[in-house]
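# Okay, structure incoming, though there's no sequence with it:
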DNA sequence: GACTCGAGTCCCGCC
DNA sequence: GACTCGAGTC
């Protein structure tokens, strides 16, 4: 326990009772949490009685790794540990909220009327459902598009609102329509035995509310709870934490200046009001920043002071001096990318830096493309973090849908996806007939496919197709009963002739290879999972993959090990640090994002996001913008981000605010 | 039923 | 510029 300052030491050694750690950026939050867990264990608390909660898998993995080093062992549900730990049971659980909720629901969901093997729907699946709902309601796209419906549903859900509550809270006709859609959407999900991501939290919350005995059972699993990034908890997460913390040994850590998840329902009030929930809570403040140089901290402080409503706190730099952060302007985004990569290469060669010392941070997921191109040209290793794009790929969706089926979980979305992929003569019309029949007869679609339920009249080609599919799936299930998961997947891909299908669709050899390699990556991920999990099974693998616990991107893993330049959004960068950071695309409309320009409070959140970006840098920070940017096929003029003026001291300080009402 | 082509849209951020 | 969707053709 060496190397802690008095405040950190205080936080680490307060072992019981409610504790609030208000910690600025770079003040050693994660360190305090990990030290505290280690200390608890050393003081005799069994590891399995400790629960650490994080918001991202990255944070969870990092904490597991640190803890592993500190205690010289692995941690539960961690794939970071090479060997399976000897005593699996004495290890603390480090988990994201969603992962924790999935585990609770897999054990206890039945009282809520969902099947134990519920499917988890992601964005793509949700869209299909939303479309169905709108079709059912006979709503024209212009009145309410599927994406809008999902937007509203997401909004209500992250505020923990039921459809009934949403209907009451509506202002406009479109909203009211969405609320009705929300009700139908939930009904459909339940009918299909599926939940979406938000439901994972909502249902857990409801489970605890309606079934006290389950709440007590789940709460009794742990004696200590630690929550990182507490400022980012939404209503459900807040209630779940409270419901689990009977023992009162609750330690939360956070920073209101880094609250960047307001759009998914996070409320800073939770951290600001912690002492109201727990009046005897001890409060520890960490204000010494050990990460960045004084020059960088100065920029960060200057910027964040423009936010009106915040806890006034100072961030003191422990590292004096330092290079002044640079602000660069480029003619267009190609030059911006080229020059950034050029600069990195120069510093790699001249300053003895390593690729892993660099990060390029951006606001939206379309920005990295051009940087990827330039990095590839320069033959520099990079890793693109985040972005669910892996799951958006057709091949991934296809293979995962088949795997869900093989897991004995033939939910409708998966069945519809693969029923005619590869083509087996089952046309749109037939699928529609089947689907309508399934709805009318209240039987699962899959039972019509297999013929377990009486099928409606269909043409001969369709029947042959359905029988083929059924035979294929049953063959695999029969042949591979005792096989490893990897063998099952291989058998599947061969049986459905997926490679042939890819070759048929894609003419370009390069594209064929690229697509096929994605399929192989899934198999590799399955192999990795099988090695690390204590009781591997297909359903658990699919859960983990969907929750992001299991990395399916083989290339990514390799590069990570290989030491690579990190490309990520500022949201993903939270909690991380790099010696050299480039924040790119600092333009009005990007950061702050144009969708946030309507209200002051969302501009404040954009500013906090920028603050998070700035405070990732340890030694060198470069911010850049380009004067024109391609948008919808045409180069368009841009305006420098207001944050650039603010952080360079060129904007009016809020102390000299313009008169009201102007 | 499978495939091609052209019109229409532009979906933040994450688990 | 990239992608999806629906009409139209074989």
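Noted; the coordinates are in hand. For clarity, every value in this text was computed on a predicted model and none was experimentally measured. Numbering: from 1, shown residues only, chains lettered A, B, ... in the order given.

# The one residue in chain A that gets nearest to DNA strand B: neighbour count?
Closest contact between chain A and DNA strand B, by C-beta to the nearest atom of the strand, is at residue A:427 (2.5 Å). Heads up, the C-betas are built off the backbone N, CA and C, glycines and all. Number of residues near residue A:427 (other C-beta atoms under 10 Å) recorded here: 14.

# my read: residue A:604 touches residue A:309, true?
Yes: between residue A:604 and residue A:309 there is a contact at 7.3 Å, judged by C-beta atoms under 8 Å.

# the more surrounded of these two?
Ranked by neighbour count (other C-beta under 10 Å), residue A:604 and residue A:309 place residue A:604 first, with 20 against 10.

# Could you tell me which residues make contact with that one?
Residue A:604 sits next to A:307-309 when contact means C-beta atoms under 8 Å, 6 or more residues apart in numbering.

# quick check, nearest of these to DNA strand C?
Of all the contacts of residue A:604, residue A:307 has the smallest distance to DNA strand C: 33.5 Å, by C-beta to the nearest atom of the strand.

# pLDDT score for residue A:572?
At residue A:572, the pLDDT value in this model is 90.

# And it, which helix or strand is it part of?
helix A:570-573 (DSSP states H and E).

# That helix close to DNA strand B?
Yes: judged by C-beta under 7 Å from any atom of the strand, helix A:570-573 comes into contact with DNA strand B at A:571-572.

# ok so, going back, ok, the contacts of residue A:604 vs residue A:558, which is closest?
Within the contacts of residue A:604, distances to residue A:558 taken as C-beta to C-beta reach their minimum at residue A:307, with 40.5 Å.

# neighbours around the closest one, how many?
The number of residues near residue A:307, taken as other C-beta under 10 Å, comes to 18.

# circling back: lowest-confidence entry in the contacts of residue A:604?
Minimum pLDDT for these is recorded at residue A:309 (78).

# Spit out the contact partners of that one.
residue A:604.

# Parallel or antiparallel, which strands does the helix or strand following the helix holding residue A:572 pair with?
Using DSSP H and E, the next helix or strand after helix A:570-573 towards the C-terminus is strand A:578-583. Strand pairing for strand A:578-583, using DSSP bridges, gives strand A:358-362 (parallel), strand A:617-631 (parallel).

# Residue A:371 contacts residue A:337, correct?
Yes: contact criterion C-beta under 8 Å: residue A:371 and residue A:337 qualify, at 4.8 Å.

# tell me what the helix of greatest length in chain A is packed against?
Longest helix in chain A by number of residues (criterion: DSSP state H): helix A:509-532. Counting contacts by 3 or more C-beta pairs under 8 Å, 6 or more residues apart in numbering; DSSP states H and E, helix A:509-532 is packed against helix A:394-406, helix A:485-495, helix A:498-505, helix A:538-547, helix A:554-562.

# wait, does it contact DNA strand B?
No: Helix A:509-532 stays clear of DNA strand B (C-beta under 7 Å from any atom of the strand), getting no nearer than 14.0 Å.

# cool, and stretch A:593-600?
Yes: counting by C-beta under 7 Å from any atom of the strand, DNA strand B has neighbours in stretch A:593-600: A:593, A:595-596.

# Please apply the same query to stretch A:268-282.
No: contact of stretch A:268-282 with DNA strand B (C-beta under 7 Å from any atom of the strand) is absent, the minimum separation being 14.5 Å.

# residues of that stretch that come out buried?
For stretch A:268-282, burial by neighbour count (16 or more other C-beta atoms under 10 Å) applies to A:268, A:270-272, A:274, A:277-278, A:281-282.

# go on, stretch A:226-246?
Neighbour-count burial for stretch A:226-246 [16+ other C-beta under 10 Å]: A:226-245.

# same thing with stretch A:36-56?
A:36-41, A:45, A:47-56.

# among these, which are in strands?
Judged by DSSP state E, these include A:50-54 as members of strands.

# okay, those in a markdown table with distance to DNA strand B next?
Converted to a markdown table, those look like this (distance: C-beta to the nearest atom of the strand, whole Å):
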| residue | distance to DNA strand B |
| --- | --- |
| A:50 | 19 |
| A:51 | 15 |
| A:52 | 14 |
| A:53 | 11 |
| A:54 | 9 |
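
# Show me what from the stretch 501-650 of chain A comes close to DNA strand B.
Residues of the stretch 501-650 of chain A lying near DNA strand B (C-beta under 7 Å from any atom of the strand): A:504, A:547-548, A:568-569, A:571-572, A:593, A:595-596, A:602, A:605, A:632-633.

# For the longest helix of chain A, what is the distance to the chain centroid?
Centroid separation for helix A:509-532 versus its chain: 21 Å, with C-alpha atoms, centre = their mean, to the nearest Å.

# Any stretches of chain A with poor pLDDT?
A:1-2, A:73-89, A:140-142, A:387-389, A:651-662 (pLDDT under 70).

# any idea how far residue A:425 is from the residue of it positioned farthest from its centre?
Largest separation from the mean C-alpha position in chain A: residue A:460, at 45.2 Å (C-alpha atoms, centre = their mean). As judged by C-beta to C-beta, to the nearest Å, residue A:460 and residue A:425 stand 9 Å apart.

# Equivalent analysis for residue A:282, please.
69 Å.

# repeat for residue A:168
49 Å.

# give the contact list for residue A:117.
So residue A:117 contacts A:193, A:407-409, A:539 (C-beta under 8 Å, 6+ apart).

# Quick one: classify it as helix, strand or coil.
coil (DSSP: H, G, I helix; E, B strand; the rest coil).
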